[in-house]
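Peer 1: Here is the input, now give the coordinates:
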Amino acid sequence: MRFQGSSSSIRLIGCSATYKPDQALVAQTPFIGLMPRAFPVVPPKNASAYYKNMALNFSRIGLSFHFSSAQAEAGDDADGQLDNLAKVNVLRLRTFLAQHGGTGDDILLIGFADESEGCTTNEQLAHKSAESVAADLRAIGVIVPSENIKDFGADLPVASNDTPEGRSKNRRV
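Peer 2: Next comes the predicted model:
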């Protein structure tokens with residue numbers, strides 16, 4: 001997920017009143033908090049020129065969306081239901097955008113898939129996954145324009161495609 005603008009123009013220090021006070025305590029430890037943060041995108045060397053260009057114009061919001069494991073194993077995440085953390089992340093994204101004057105117009109939803117299918121099928125699955133997240137956002141008032149829904153198929157995996165767990169991690173938005 002990307003948020004338009006440079007990370008230096010977004011103030012994220014401190015704890016928002018919309019988050020539990022516990023998150024302020026977590027921020028003082030080496031643990032990872034649940035508050036979304038925006039940070040610069042450092043594209044991998046093997047990223048396409050298209051991805052690298054997007055990375056110059058957007059910051060990454062530290063939220064990912066995955067689908068329920070039963071659907072992911074069946075390759076059905078296109079019609080998928082978000083897993084429990086992703087459902088909460090949809091609400092966190094809405095709060096983040098509201099706190100920073102953002103809208104659905106200034107974010108990208110980028111779908112990724114694993115390598116279990118052919119190239120075209122992977123791109124279609126990745127795009128449908130991103131569209132599914134956009135539909136969940138739309139249901140709570142965040143409208144992401146269709147031109148802001150992208151896919152990179154099986155490009156840029158974050159885990160090995162040799163295991164079910166790795167494939168599940170690579171199927172993300």
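Peer 1: in the protein, which spans are helices?
Peer 2: When secondary structure is read from DSSP state H, the chain shows helices at 22-27, 49-57, 69-73, 84-99, 119-138, 164-170.
Peer 1: which secondary structure elements does the last one contact?
Peer 2: Contacts defined by 3 or more C-beta pairs under 8 Å, 6 or more residues apart in numbering; DSSP states H and E place helix 164-170 against helix 69-73. Where C-beta positions appear, they are placed from N, C-alpha and C, glycine not excepted.
Peer 1: Of all the helices of the chain, which one is nearest residue 63?
Peer 2: Proximity to residue 63 (C-beta to C-beta) singles out helix 84-99 among those, at 4.6 Å.
Peer 1: Could you check the angle that closest one makes with helix 119-138?
Peer 2: Angle of helix 84-99 versus helix 119-138, following axes from the mean of the first three to the mean of the last three C-alpha atoms, to 10 degrees, is 60 degrees.
Peer 1: got a list of contacts for helix 84-99?
Peer 2: If you take C-beta atoms under 8 Å, 6 or more residues apart in numbering as the criterion, helix 84-99 is touched by 1, 16, 18, 34-36, 61, 63-67, 82, 102-104, 107, 133, 136-137, 140-142.
Peer 1: Tell me where the model's unsure across the protein.
Peer 2: Low-confidence regions of the chain, defined here as pLDDT under 70, cover residues 1-27, 30-33, 69-80.
Peer 1: same thing but at 50, please
Peer 2: For the chain, the stretches flagged by pLDDT under 50 are 2, 5-18, 71-73, 75-78.
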